Structures are given as C-alpha cells and as structure tokens.
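Chemist: quick one: sequence and predicted model below, then my questions.
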Amino acid sequence: MSEITGKENHKVRNFLYLFIFLIIIWLALTSSIQWQELTAGIVISLFLSFILSKYYLKLGFPPLSIKRIVFFFIYIGVLFKEILSANIDVAYRIIHPKMPIKPGIVVIKTVLKQDIAKMILANSITLTPGTFTLDIIDDILLIHWINVKTKDVDEATRMIGERFERYLKIIFA
Amino acid sequence: MSIHGAIITGIGIMFLFLGNLGILRLPDVYNRVQAGTKCTTLGAFLTIIGVGIMQPGWFWKTLIIAVFILVTNPISSHAIARASLKAKVSLCDRSVVDKTEEFERYREKV
C-alpha cells in the first residue's frame, strides 16, 4: 500500500516540477503578465506537464523544501564562482608562452546515490574549466585534468568533487 | 546601460578569442576540448547576457538562451572527449598520469 502512495507522490512531484519549470520559461519568453498571456501559458503548461510527467519518474527528484531551494541557489553561486576562477586560470595557461600544463586522466569517487545527483555533479565538473568527466561507473568518475596536482584517488576527490558534493549532499539528502 | 552591456560583451569576446587560441596552441584532442568548450562557456554566456543588458526588453529571453547553453555545453564536450577515448586517441607526451586501465578494471568487476 505504501509503495503505491509513494509512486503517486512521485507523479504529483514530477508534475509540479515540470509545471513550474514550463511556467518560468513561458514568463521569460513572453516577458508580460497580461491575463490573456498568463492564461494561455498556464493551460499549455498544464497540458504538457500532464502528458510528459511520466517520463521523468525514473530520475528520482527529491521533494521540494525551503532548505533545498536555498541550498540550490547557494550551489549555483558556488558553481559560478568556480567557473569564473577556473576560466581565468585556463586562460592564463593558454596565453603563457611556455604553456604550464600537466594534463592527465585521474579517477575520483563520489558519495552521491541518485542518478540525477551524479548527473549534476558530472556536468558541474565538465562546466568548470580545467576538468571534465569522461566516463562514469556506479560511484567512480573518470576525469581529464589539465593541471594534475595529485595522482591519489582520495586527494583528487577532495580537490575536484568535494566543492560541489558538499552542497549536492544536502540538496539530495 | 548600453555601456555596461558593451563592456560585458567585450569581456565575453575576449574569452571566445582565448578559447580559439587554446585550440591552436594546446597539444592533443583532450586539452583542445578543454579550451574549445570551456572558454566558450563563459564567452558565449557573457556575450549573450551583454546583449540582453544593452536591450533591456530582451533580457529574460537572453537569460533563457544562456541557461540552455550552460545546460547543453557539458554534454557536447563530454561526447567529443568520450568518443576520442573510445577511439583510443592517445594522450600527448606531456601527460603525467593515465588511469584509464584502472577504470576499465572497475568496469570488468561490475
């Protein structure tokens, strides 16, 4: 019995996530809050999220809460800070006459469980210049690093993964 | 307002230029993926946001475009790099470590 209600909860949750996402895109694209436009947007978003919500069942989104939303915005801030500083670092390596690069492929481990959390971690690592994800098996990520500082697995996990994992752990707890 | 937008677009163009320079200078395909897709992340992001600040009526639309670039960019760079790895493109001479074999052992265990 509890399994069935759990599944129903998942369905409602996916429906809500998709609906909020579509409404935000609609508002950004039309850039107006006249009631005709809003009504059309709500009707279309309801229709689309009703049809499409079942395709997102397997991803395993967590339930919505204030704490998660706050930490999600903190996470976006941290991601932007990392992108900016790492971009300047890679730009420096490119324009330096001697090109001080030490490329290599290293392995790191993650503590995250859900597929969606691992996907966000891998994509964040790829977005940050200097590192990108090549492959993933269960909790092990294969990473190309433009300036290898350590070959040890735990040390590399601390340097590459932990800055994002710290927040993702709380969001997907 | 248009001055701020022009400055932000200018910084973005500088990063796009550095990305192109990196593709020319760096030694092997993996490092070129680093330069080619990463400097363009910030480059394209700042260029588009700068246009949105120059024309305030377009701001939210440009923000949506920028977010879609941020979401899809890692997928393309990951696909190029993983295809090169599967095709056994070798690393350059300056590489210090290659743990691909260790990773393949994990795959066999699973």
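Modeler: That came in fine, so what should we check first? The structure presented is a predicted model; accordingly, all values stated were derived computationally and were not measured.

Chemist: pretty sure residue A:61 sits in a helix.
Modeler: No: going by DSSP: H, G, I helix; E, B strand; the rest coil, the assignment for residue A:61 is coil, not a helix.

Chemist: that one reaches residue A:15, doesn't it?
Modeler: No: the pair residue A:61 / residue A:15 is not scored as a contact, 11.0 Å apart, by CB atoms under 8 Å. For glycine as for every other residue, the C-beta is placed from the backbone atoms N, C-alpha and C.

Chemist: what helices and strands are in contact with the host helix or strand of residue B:106?
Modeler: Using DSSP states H and E, the element containing residue B:106 is helix B:100-109. Contacts defined by 3 or more CB pairs under 8 Å, 6 or more residues apart in numbering or on different chains; DSSP states H and E place helix B:100-109 against strand A:104-109, strand A:131-137, strand A:140-145.

Chemist: and of those, who's closest to chain B?
Modeler: strand A:104-109 (3.8 Å; CB to the nearest CB).

Chemist: mind listing what's buried along the closest one?
Modeler: A:104, A:105, A:106, A:107, A:108 (16 or more other CB atoms under 10 Å in any protein chain shown).

Chemist: spit out the contact partners of the third one.
Modeler: If you count contacts by CB atoms under 8 Å, 6 or more residues apart in numbering or on different chains, residue A:106 has them with A:143, A:145, A:148, A:150, A:151, A:153, A:156, A:160, B:97, B:99.

Chemist: could you dump these to TSV with distance to residue B:46, pLDDT and neighbour count?
Modeler: Shown next, in TSV, are those (distance: CB to CB, whole Å; pLDDT from 0 to 100; neighbours: other CB atoms under 10 Å in any protein chain shown):
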residue	distance to residue B:46	pLDDT	neighbour count
A:143	26	87	25
A:145	25	86	25
A:148	29	83	18
A:150	32	80	15
A:151	35	79	13
A:153	35	82	15
A:156	30	83	23
A:160	25	82	23
B:97	33	77	16
B:99	34	77	18
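
Chemist: now, which of those lie within strands?
Modeler: Among the contacts of residue A:106, the ones falling in strands (DSSP state E) are A:143, A:145, B:97.

Chemist: just the residues you listed now: which is nearest residue B:79?
Modeler: Taking CB to CB as the measure, residue B:79 sits nearest to residue A:143 out of the ones in strands among the contacts of residue A:106, at 15.7 Å.

Chemist: neighbours of the closest residue to residue B:47 other than its chain neighbours, just the number please.
Modeler: Leaving aside its chain neighbours, residue B:47 sits nearest to residue B:12 (3.6 Å; criterion: CB to CB, 6 or more residues apart in numbering or on different chains). Residues near residue B:12, counting by other CB atoms under 10 Å in any protein chain shown, number 21.

Chemist: OK, contacts around residue B:12?
Modeler: Contact analysis of residue B:12 by CB under 8 Å, 6+ apart lists B:42, B:43, B:44, B:45, B:46, B:47, B:48, B:49, B:50.

Chemist: where's it relative to chain A, distance?
Modeler: Noted for residue B:12: a distance of 11 Å to chain A, by CB to the nearest CB, to the nearest Å.

Chemist: are we agreed that that residue is in a helix?
Modeler: Yes: with three-state DSSP as the criterion, residue B:12 is located in a helix.

Chemist: state the pLDDT value of it.
Modeler: Among the per-residue scores, residue B:12 shows a pLDDT of 90.

Chemist: cool, thanks, signing off.
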